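[1] Pasting a predicted model and its sequence here:
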Amino acid sequence: MHVSSNSTGGGSRSHEAANEDPELVRARRNAQTNYAANGRQGTQTGNGGAPGNNAAAQSRGGNAGAKGTSGTSGTSGTNNGAGQKQRSTQHEARADVHSGGNHGVWLGVGALGLPGQYAATRQNPVPANYVGAAANTTMTAAEYLAWAARNRSPLIAGGYRAGMGLGALVNTGFDAYYLKNAAVDLSRDPQSQQAQWNFADATVHMIANGVAMVLTPLAPAIGFATLALPNFSEVGHALQLNQQQAELEKKGQDTESAEVGKSHTLASLNATPVVSWFAPFYTKALTPEIEKFERAHGNSENQPAPSEFPPGTANDPAVVDYYGNAMSERAQRTAQHMLPVMQQRLKEAQAQAPGTDTVTLVARWPQTFFWPSSAPPTEMRRFDRAIALTYAAKSGSVVATWFGRDIDGTYRLPEDNHGIALRPDARHQIFYSQIFTPGEPTPVFPDKDSALVRQA
């Protein structure tokens with residue numbers, strides 16, 4: 001028997017002699033087919049021959065296997081290489097899972113958050129922002145190195161774990177600092193809803209970053225997992241602003257309600273994971289214009305609310321659009337609510353002077369405005385104003401107008417109130433009242449002692 005072996009690039013094919021036992025040929029072919037299909041070494045019996053029931057068959061099988069060594073070995077080598085590659089791939093996959101999952105995904109997460117971190121640092125260059133930016137940059141760089149090395153370098157793997165651990169440590173330290181401050185604020189005002197939310201937020205994030213720091217040696221990329229947590233401080237902020245907006249709408253203070261609504265939208269976005277990473281890019285657009293004006297002119301939440309505008313700013317569009325419209329809305333609401341009171345005043349005046357057909361009530365009533373983004377509300381500006389409410393029997397409605405002190409510190413009535421002259425006479429009685437400032441000293445009105453002016 002003669003068996004030739006013809007090697008090819010992918011292994012070899014054996015060519016059987018024409019006089020070889022057909023049964024043996026079929027058996028060998030089946031064995032080779034099973035070997036190739038299974039891809040495992042040792043699936044053939046008798047070194048490539050058929051299972052031998054007699055010495056002759058075993059001998060032929062042995063010869064065929066011996067003569068065809070190059071073919072069989074080529075096939076076996078190919079399959080052994082595939083098996084080793086498969087085991088190597090599985091090992092790398094296990095190593096990749098062990099090191100925190102798909103580095104490409106976590107690299108994308110880290111890189112996505114960096115632009116917002118850098119922008120926040122530029123806009124507010126305080127040490128905390130610089131340290132935070134450095135920590136996030138370190139973690140992202142570590143992910144890049146791990147992704148580029150594909151777990152083939154023990155040195156880079158160690159650096160990766162160290163970088164992620166350092167980032168988690170820094171984040172945990174920041175959260176511990178915030179937690180301390182939140183605890184102090186809560187102890188000062190235990191009833192403050194925002195203080196409660198701030199404390200809860202600091203607690204959750206410190207625990208999460210602490211756990212991430214502990215687990216970093218096992219799964220370094222877990223340091224990024226805390227980015228999926230919402231900002232609970234902003235959650236509480238948004239809930240309070242939503243309530244304040246609803247209350248302003250009920251009062252008809254639409255201008256103030258709209259600005260609080262912008263702040264509510266901003267707080268909601270800041271509370272949302274991933275979205276909040278881009279806060280530096282959308283904050284300016286959603287910040288109320290009046291807050292921009294106030295801060296641009298030195299006002300802030302941490303100082304007493306000023307009473308008057310800076311010189312030359314009374315006609316600023318932000319001032320007119322906000323304070324002008326808001327004061328008008330407050331006057332209209334007050335006029336509506338005071339209608340029964342003014343009707344009663346007219347009846348009393350007519351009982352004493354039957355010819356009376358108009359009454360005006362004048363009272364000091366300082367007006368306080370709050371920062372639209374503050375929760376609880378914090379004073380932004382306080383105007384020392386008086387209001388004149390006029391009711392004419394002919395119109396059946398109340399009109400209102402605001403006025404302030406003159407240079408000498410006294411209140412002087414304007415010439416008219418929506419077309420009704422504010423001069424006391426036999427048909428028009430004017431009353432000065434402390435209805436809006438009970439218990440406070442009566443302000444100085446230059447004509448309050450007139451015989452035609454009543455004190456109420």
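    Good, I have the coordinates.
[2] so who does the closest residue to Asn270 other than its chain neighbours touch?
    Spatial nearest neighbour of Asn270, chain neighbours left out: Glu234 (4.2 Å); criterion: C-beta to C-beta, 6 or more residues apart in numbering. C-betas here are computed from N, CA, C, even on glycine. Counting by C-beta atoms under 8 Å, 6 or more residues apart in numbering, Glu234 touches Ala267, Ser268, Asn270, Ala271, Ser276.
[3] repeat that for 7 Å
    Residues in contact with Glu234 (C-beta atoms under 7 Å, 6 or more residues apart in numbering) are Ala267, Asn270, Ala271.
[4] Backbone torsions only: list them for Pro377.
    phi -60, psi 130 (degrees, to the nearest 10).
[5] Contact partners for it?
    Applying C-beta under 7 Å, 6+ apart, the residues near Pro377 are Gln244, Phe370.
[6] distance of it from Pro217?
    48 Å (C-beta to C-beta, to the nearest Å).
[7] ditto for Val235
    For Val235, the distance to Pro217 (C-beta to C-beta) stands at 32 Å.
[8] quick one: which of those two has more around it?
    Counted by other C-beta atoms under 10 Å, Val235 and Pro217 do not tie: Val235 has more neighbours, with 18 against 11.
[9] so how far is Asn171 from the residue nearest in space to the middle of the chain?
    Centroid-nearest residue in the chain, with C-alpha atoms, centre = their mean: Asn270, separated by 2.3 Å. Plainly put, Asn270 is 18 Å away from Asn171 if you go by C-beta to C-beta.
[10] Okay, now the unreliable bits of the chain?
    1-111, 150-153, 221, 223, 441-456 (pLDDT under 70).
[11] tell me which residues of the helix or strand harbouring Asn198 are tucked away?
    Using DSSP states H and E, Asn198 sits within helix 193-215. Of the residues in helix 193-215, 194-206, 208-210, 212-213, 215 count as buried by neighbour count, 16 or more other C-beta atoms under 10 Å.
[12] What helices and strands are in contact with the longest helix anywhere in the chain?
    In the chain, assigned by DSSP state H, the helix with the most residues is helix 154-188. In terms of contacts (3 or more C-beta pairs under 7 Å, 6 or more residues apart in numbering; DSSP states H and E), helix 154-188 is packed against helix 127-149, helix 193-215.
[13] Now the first one: buried residues?
    Taking 16+ other C-beta under 10 Å as the basis for neighbour counts, the residues of helix 127-149 that come out buried are 129, 132-133, 135-147, 149.
[14] From Phe174, how far off is Met259?
    Quick fix: residue 259 is Glu, not Met. 31 Å.
[15] before we move on, what about Trp147?
    Noted for Trp147: a distance of 26 Å to Phe174, by C-beta to C-beta.
[16] excluding its backbone neighbours, what's nearest Leu346?
    The shortest distance from Leu346 to any non-neighbouring residue, by C-beta to C-beta, 6+ apart, is to Val359 (4.9 Å).
[17] Can I take it that the one you found is in a strand?
    Yes: under DSSP: H, G, I helix; E, B strand; the rest coil, Val359 falls within a strand.
[18] Mind listing the residues bridging to it?
    Note on Val359: beta-bridge partners by DSSP bridges are Tyr391, Gln429.
[19] how deep is it tucked in, by neighbour count?
    Val359 sits with 25 neighbouring residues when counted by other C-beta under 10 Å.
[20] thought it was touching Ala393?
    No: contact between Val359 and Ala393 fails when scored by C-beta atoms under 7 Å: they sit 9.0 Å apart.
[21] before we move on, the earlier item: how about the helices and strands packed on helix 154-188 in JSON lines, adding distance to Ala386?
    Listed next are the helices and strands packed on helix 154-188 as JSON lines, based on distance: least, C-beta to C-beta, whole Å:
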{"stretch": "helix 127-149", "distance to Ala386": "46"}
{"stretch": "helix 193-215", "distance to Ala386": "34"}
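[22] So for Thr283, which of these sits nearest?
    Among these, the nearest to Thr283 by C-beta to C-beta is helix 127-149 (14.1 Å).
[23] I'd like the distance from Ala335 to Leu266, if you could.
    33 Å.
[24] more crowded one of the two?
    Leu266 (23 against 20).
[25] Which of the three states applies to the more buried one?
    With three-state DSSP as the basis, Leu266 sits in helix.
[26] Export the contacts of Glu234 as CSV, with columns for distance to Pro354.
    Shown next, in CSV, are the contacts of Glu234 (distance: C-beta to C-beta, whole Å):
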residue, distance to Pro354
Ala267, 59
Asn270, 64
Ala271, 64
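[27] then stretch 362-382 to CSV, C-alphas only?
    C-alpha atoms of stretch 362-382 as CSV (Å, rounded to 0.1, in the frame of the first residue of the first chain):
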residue,chain,number,x,y,z
VAL,A,362,-52.8,105.7,51.0
ALA,A,363,-50.5,103.4,52.8
ARG,A,364,-46.8,102.6,53.0
TRP,A,365,-46.1,99.1,51.7
PRO,A,366,-42.5,98.0,51.1
GLN,A,367,-42.2,95.5,48.3
THR,A,368,-39.7,92.7,48.5
PHE,A,369,-38.5,90.7,45.5
PHE,A,370,-36.8,87.3,45.8
TRP,A,371,-34.1,85.7,43.7
PRO,A,372,-36.1,83.5,41.2
SER,A,373,-33.6,80.7,41.6
SER,A,374,-33.6,80.7,45.4
ALA,A,375,-35.3,78.0,47.5
PRO,A,376,-36.4,78.9,50.1
PRO,A,377,-36.9,82.4,48.8
THR,A,378,-34.0,84.8,49.5
GLU,A,379,-34.5,88.6,49.3
MET,A,380,-33.1,90.1,46.1
ARG,A,381,-34.3,93.7,46.3
ARG,A,382,-36.6,95.6,48.6
